[in-house]
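> Structure of the sequence below:
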Amino acid sequence: MSSSAFKLLIVLIGGVFLGVLSFTLWNAPEAPASTNPPLALDSTTTTIPATTTTTTIPATTTSTIPPSTTTTEAPRGTLVIHGTGDVTVDPVYIPALAVNGYDHAWSGLDGLFLEDDLTVINLECVPSDIGESLNKAFTFRCPTEALASIHSNGIDVANMANNHSGDFGKDALVDGRAQLLANDIAAVGAGKDFVEAGEAALFEINGWKVAVVGFGGVAPSPSWYATEDSPGMRSGDHLDQMVEAVSAASEVADIVVVTVHWGIELDTSPRADDIERAEAMIEAGADIIFGHHPHRMQPLNMVDGAAVFWSLGNFVWPHNSIPSATTAVGRVVVYPDGTIEACLIPAFIKTHGRPVLTGEPECGPGL
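Modelled structure (predicted):
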């Protein structure tokens, strides 16, 4: 065979082989799709890719509650709550405060209110520098310069629902509430209208939500009560309104504290209508009731698991007599399991406007 014929034969054989191979590959079945998702679509980004943002919550927005705390509430600790009776820092009524300064009023307490979790007082004077004195036997004004001292000595909440909150007119009452708030003292029991007067002061302390509401049932006239469009205080006589306010507070708080001006002057035990009001408020969710107005001490009772201090007497007040100067600080200890323990820390107004602790508490930490 010539060389030309041999080369032609090789070309023909190679062409046949390539044709068969091409036909085989063309008709082969496709390989099955991979069961692994593409790397760009891992399990954390299949719904919203990492670069996607929404129109309602920008990608840079952060929650006010860190993600690590959204599923677990802070553990509850022990709460120590104190309450007092009538407080006036009027330097005209108590000249010792003008001479010794406003810290004089708290100097006999050894910093008690600085060491607790919450302190509630009944502020029986108008914390404002405006307004004219009404035609009353007694009118009490708390100069606004005194408020920094009240705050710095550990007082957190002031009840304005009493028979002296309106001594200098409605404008002074509204301004007085604003002055308290400006000094980091929560104001309860009075306001620019019915709604504001009934608002609870809310606190978050040691894992607890605490609400404080104030009432006053000793108004000189019905005009002192707040209405939908008029300033004033919240009534401590209208039981349905009291129950409604306490119930609303209990919906947003774990512990509800009531501070209420009620009763009859010089009484040393509660009257039937006060007992009825207390029982109704406790049923509505009140856990602690600090009472005041009689200018005398009345008993502490536990009522259906709630602590009721019927009257805590005078506190920052002139020394007028042994009975009127005999006083106490109401103490409530709330334990992490919700158990409530209450006691009275005895005190005595030794000199005008200066209560002094005279005994150890029988509940909670010592002095």
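
> okay, CA-based contacts and neighbour counts for the rest of this
Noted.

> Report the secondary structure element holding G85.
Per DSSP states H and E, G85 falls inside strand 79-87.

> in that strand, what's buried?
Residues of strand 79-87 classed as buried: 79-87 (neighbour count, 16 or more other CA atoms under 10 Å).

> Redo those residues as a markdown table? Include distance to G189 and pLDDT.
Formatted as a markdown table, the buried residues of strand 79-87 follow (distance: CA to CA, whole Å; pLDDT from 0 to 100):
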| residue | distance to G189 | pLDDT |
| --- | --- | --- |
| L79 | 23 | 98 |
| V80 | 22 | 98 |
| I81 | 19 | 98 |
| H82 | 18 | 98 |
| G83 | 15 | 98 |
| T84 | 16 | 98 |
| G85 | 15 | 97 |
| D86 | 14 | 98 |
| V87 | 15 | 98 |
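
> Put together JSON lines for the residues you listed, with distance to A172 on each row.
Formatted as JSON lines, the buried residues of strand 79-87 follow (distance: CA to CA, whole Å):
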{"residue": "L79", "distance to A172": "34"}
{"residue": "V80", "distance to A172": "33"}
{"residue": "I81", "distance to A172": "29"}
{"residue": "H82", "distance to A172": "28"}
{"residue": "G83", "distance to A172": "25"}
{"residue": "T84", "distance to A172": "24"}
{"residue": "G85", "distance to A172": "22"}
{"residue": "D86", "distance to A172": "20"}
{"residue": "V87", "distance to A172": "18"}
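
> Among those residues, which one lies nearest to F113?
Nearest to F113 among these is H82, at 7.5 Å by CA to CA.

> Bridged to that closest one, which residues?
Taking DSSP bridges as the rule, H82 bridges to T119, R331.

> where does the stretch 51-200 of the chain have low pLDDT?
By pLDDT under 70, the low-scoring segments of the stretch 51-200 of the chain are 51-73.

> Which parts of it are strands?
Assigned by DSSP state E, counting those that start in this stretch, the stretch 51-200 of the chain shows strands spanning 79-87, 118-123, 157-159, 186-188, 190-191.

> among those, which is nearest D267?
Closest to D267 of these is strand 79-87 (CA to CA; 14.2 Å).

> Out of the buried residues of strand 79-87, which comes closest to D116?
Of all these, D116 sits closest to V80, with 5.4 Å by CA to CA.

> residue contacts, the closest one?
V80 is in contact with 116-118, 331-334, 364, counting by CA atoms under 8 Å, 6 or more residues apart in numbering.

> Report how many residues lie close to the closest residue to it other than its chain neighbours.
Closest residue in space to V80, ignoring its immediate chain neighbours: V333 at 4.7 Å, by CA to CA, 6 or more residues apart in numbering. Using other CA atoms under 10 Å, V333 has 21 neighbouring residues.

> Check for me that V333 belongs to a helix.
No: assigned with DSSP: H, G, I helix; E, B strand; the rest coil, V333 falls outside any helix and is strand.

> List the residues that contact it.
If you count contacts by CA under 8 Å, 6+ apart, V333 has them with 78-81, 340-342, 363-364.

> in the stretch 201-350 of the chain, which spans are helices?
Ranges of helices within the stretch 201-350 of the chain are 239-252, 272-284, 322-325, based on DSSP state H, counting those that start in this stretch.

> I'd like to know which of those is closest to P355.
Nearest to P355, of all the helices of the stretch 201-350 of the chain, is helix 322-325, at 8.2 Å by CA to CA.

> Buried residues in the closest one, which are they?
324-325.

> helices or strands up against that helix?
Using 3 or more CA pairs under 8 Å, 6 or more residues apart in numbering; DSSP states H and E as the contact test, the elements touching helix 322-325 are strand 314-316, strand 340-351.

> Same list (those strands) but as a markdown table, adding mean neighbour count.
As requested, those are exported to a markdown table (neighbours: other CA atoms under 10 Å):
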| stretch | mean neighbour count |
| --- | --- |
| strand 314-316 | 30 |
| strand 340-351 | 20 |
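
> so which of those gets nearest D110?
Closest to D110 of these is strand 340-351 (CA to CA; 11.9 Å).

> which other helices and strands contact the closest one?
Using 3+ CA pairs under 8 Å, 6+ apart, strand 340-351 is in contact with strand 306-309, helix 322-325, strand 326-334, strand 354-357.

> give me that answer again for 7 Å
Strand 340-351 sits against strand 326-334, strand 354-357, with contacts defined as 3 or more CA pairs under 7 Å, 6 or more residues apart in numbering; DSSP states H and E.

> Turn those into a markdown table, including mean pLDDT.
Formatted as a markdown table, these follow (pLDDT from 0 to 100):
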| stretch | mean pLDDT |
| --- | --- |
| strand 326-334 | 98 |
| strand 354-357 | 98 |
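
> got those strands as JSON lines, with distance to I282 columns?
Output for these, formatted as JSON lines (distance: least, CA to CA, whole Å):
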{"stretch": "strand 326-334", "distance to I282": "15"}
{"stretch": "strand 354-357", "distance to I282": "30"}
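
> Which one of those lies nearest to L109?
Proximity to L109 (CA to CA) singles out strand 354-357 among the helices and strands packed on strand 340-351, at 5.7 Å.
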